[in-house]
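1. give the three-dimensional model of this entry:
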Amino acid sequence: MDRSTINDALERGRAERLHYGPVHYIRFLDERPGLPRGTAVLGETMMIPGYPSIGRIQVLATGLGRHYAGGFWAEEKIDGFNVRILRHGDGVYAFSRGGYICPFSTDRAPELMDTRIFDEHPELIVCAEIAGPDNPYLEGSPPQIREDVQLFVFDLMQKGREGFLPQERKLDLIDRYGLPATRCFGRFRPGDVDRLRSLIMELDAEGAEGLVFKGAPDERRTKYVTGRSNITDIALCSEQLLDLPPEYFSNRLLRLAIFARENGQRDDPELERALGRAFLGGLHQAMDSSMAQGRVSHAFRCRFRTEHNALRFMDHLKRTGGSRVRMAEGSPRREGNHWILEFERILERMTGTLSNTLAGGFQYD
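-> Coordinates of the predicted model:
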């Protein structure tokens, strides 16, 4: 990246200087033409491209033909958080979707993947999803991961270049270095709607999140989620009903209705009962929490290889979360080969509303 672009962004307040230990980098604060959100610069000019947003197809029958002229790959979409992992100097670092070096992901990356790929290919950036119940960012987790976290590689980039390595090259490197990866279901064409519908219903039954479609390099990538992934999201977040924007829930309700209509589940009584349980279950949990401890919150637990990175992450939470984050007493604590950090994020609006309502307060509608 040319120095004038970097200096202009810094002068205009559209980028900021940060450091992670000895590593100094620049993070772009927003999306710009040719620079996806999360783009960063290492050293003076080495660009770490942000991972671009992926548009959502909501109707297979019409969406595929509209966005793809020829064949495309279908891969599993994992319910986790997006990281870009690379080697810089003597260390391996993981950038978050927003362009920060993440203490948690950086700490765990060498444990979750074989970093020797960077010995022979130091130019590579490994794009992956980290998922599992012991993560510090998300309430949800893929059903097959019972504890801790796992890493799933889905793309490879190169430092200083936009775009991705070709799919065949990516799959070859994943196989050669034994990298954990998302499931790839092969190539399809826009007319393969019935095959893809059968696949998506299998994923729906498994509790998987959905599919990502990847066409030619100049074609847009798209995603398509299962119906039940919307119900899962609502179940996980209904206790945050007042703390999340209304669109979080209305968008998922609309997706579920479209999915049910397209896939023969309209008026399915079990689907409707599951949706009702998703909303009411979380609200009951919120009321139980309010009555038991005087607040509504979500608890997180995560593991670190080093105490140093656990403390770094605690500092990050305190800076970004303020009074909304409460650390467990004695954190981090040693447990086997890891340092365990436990904390809770307090849901301020649900806490205030339920505290007043359950104490007999009134409100004006």
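
2. could you pick out the longest helix of this protein?
-> Ranked by number of residues, the top helix in the chain under DSSP state H is helix 269-293.

3. check which residues of that one are buried.
-> Using 16 or more other CB atoms under 10 Å as the test for burial, helix 269-293 gives 271, 274-275, 278-279, 282, 286-287, 289-290. Backbone N, C-alpha and C define where each C-beta goes, glycine included.

4. just the angle between the helix or strand that that helix is followed by and helix 269-293, please?
-> Of the helices and strands lying after helix 269-293 in sequence (DSSP states H and E), the nearest is strand 297-304. Angle of strand 297-304 versus helix 269-293, following axes from the mean of the first three to the mean of the last three CA atoms, to 10 degrees, is 90 degrees.

5. mind saving the C-alpha coords of strand 297-304 as PDB?
-> Provided in PDB are the C-alpha atoms of strand 297-304 (Å, rounded to 0.1, in the frame of the first residue of the first chain):
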ATOM      1  CA  SER A 297     -25.800 -11.300  31.800                       C
ATOM      2  CA  HIS A 298     -24.100 -13.800  29.500                       C
ATOM      3  CA  ALA A 299     -21.200 -15.800  30.900                       C
ATOM      4  CA  PHE A 300     -18.100 -16.600  28.900                       C
ATOM      5  CA  ARG A 301     -15.200 -18.900  29.600                       C
ATOM      6  CA  CYS A 302     -12.000 -19.200  27.500                       C
ATOM      7  CA  ARG A 303      -8.600 -20.800  27.600                       C
ATOM      8  CA  PHE A 304      -5.200 -19.300  27.000                       C
END
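
6. packing partners for it?
-> With contacts taken as 3 or more CB pairs under 8 Å, 6 or more residues apart in numbering; DSSP states H and E, strand 297-304 sits against helix 103-112, helix 307-321, strand 338-346.

7. any idea how far the shortest one is from the middle of the chain?
-> To tie it back to what came earlier, the one meant is strand 338-346. 19 Å (CA atoms, centre = their mean, to the nearest Å).

8. which residues touch it?
-> Applying CB atoms under 8 Å, 6 or more residues apart in numbering, the contact partners of strand 338-346 are 136, 295-307, 310, 313-314, 317, 321, 323-328, 331-334.

9. which of those residues count as buried?
-> If we count by 16+ other CB under 10 Å, the contacts of strand 338-346 have these buried: 136, 295-298, 300-305, 310, 313-314, 317, 325-326, 332.

10. pLDDT on stretch 297-316, on average?
-> Here stretch 297-316 scores 95 as its mean pLDDT.

11. also stretch 123-136?
-> pLDDT averaged over stretch 123-136 gives 97.

12. what packs against the one helix or strand Arg326 maps to?
-> Arg326 belongs to strand 325-327 when elements are defined using DSSP H and E. For strand 325-327, the elements it packs on are helix 307-321, strand 338-346, judged by 3+ CB pairs under 8 Å, 6+ apart.

13. so of those, which one's packed in deepest?
-> Mean neighbour count (mean count of other CB atoms under 10 Å) peaks for strand 338-346 among these, with a mean of 20.

14. partner strands of it and their direction?
-> strand 297-304 (antiparallel), strand 325-327 (antiparallel), strand 333-335 (antiparallel) (DSSP bridges).

15. between the ones you listed, which one is nearest to Pro33?
-> strand 325-327 (35.3 Å; CB to CB).

16. for Arg266, see how far away Glu272 is.
-> 10 Å (CB to CB, to the nearest Å).

17. where does the closest residue in space to Gly38 that isn't next to it in sequence land in three-state SS?
-> Leaving aside its sequence neighbours, Gly38 sits nearest to Gly50 (CB to CB, 6 or more residues apart in numbering; 3.4 Å). Secondary structure, DSSP: H, G, I helix; E, B strand; the rest coil: Gly50 is coil.

18. SS state for the nearest residue to Leu280 once chain neighbours are set aside?
-> Excluding the flanking residues, the one nearest Leu280 by CB to CB, 6+ apart is Ser238, at 7.7 Å. Following three-state DSSP, we place Ser238 in the helix state.

19. am I right that Ser238 is in contact with Arg277?
-> No - because the distance of 9.7 Å does not satisfy CB atoms under 8 Å, Ser238 is recorded as not touching Arg277.

20. follow-up on the earlier one: can I get the helices and strands packed on strand 325-327 in JSON lines including distance to Thr106?
-> Conversion of the helices and strands packed on strand 325-327 to JSON lines gives the following (distance: least, CB to CB, whole Å):
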{"stretch": "helix 307-321", "distance to Thr106": "7"}
{"stretch": "strand 338-346", "distance to Thr106": "14"}
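
21. quick one: which of these is nearest Leu42?
-> Using CB to CB, the nearest of the helices and strands packed on strand 325-327 to Leu42 is helix 307-321, at 18.3 Å.

22. any idea how far that closest one is from the chain center?
-> Distance, centroid of helix 307-321 to centroid of chain: 19 Å (CA atoms, centre = their mean).

23. would you mind getting the angle between that helix and helix 103-112?
-> Using the same axes, to 10 degrees, helix 307-321 lies at 140 degrees relative to helix 103-112.

24. other SSEs contacting helix 307-321?
-> So helix 307-321, by 3+ CB pairs under 8 Å, 6+ apart, packs with helix 103-112, strand 297-304, strand 325-327, strand 338-346.

25. go through the ones you listed and name the closest to Arg220.
-> Across the helices and strands packed on helix 307-321, closest to Arg220 is helix 103-112 (CB to CB), at 27.0 Å.

26. starting at the chain centroid, how far to the next helix or strand after the closest one?
-> The helix or strand immediately downstream of helix 103-112 is helix 117-120, counting by DSSP H and E. Put simply, helix 117-120 sits 26 Å off its chain's centre (CA atoms, centre = their mean).
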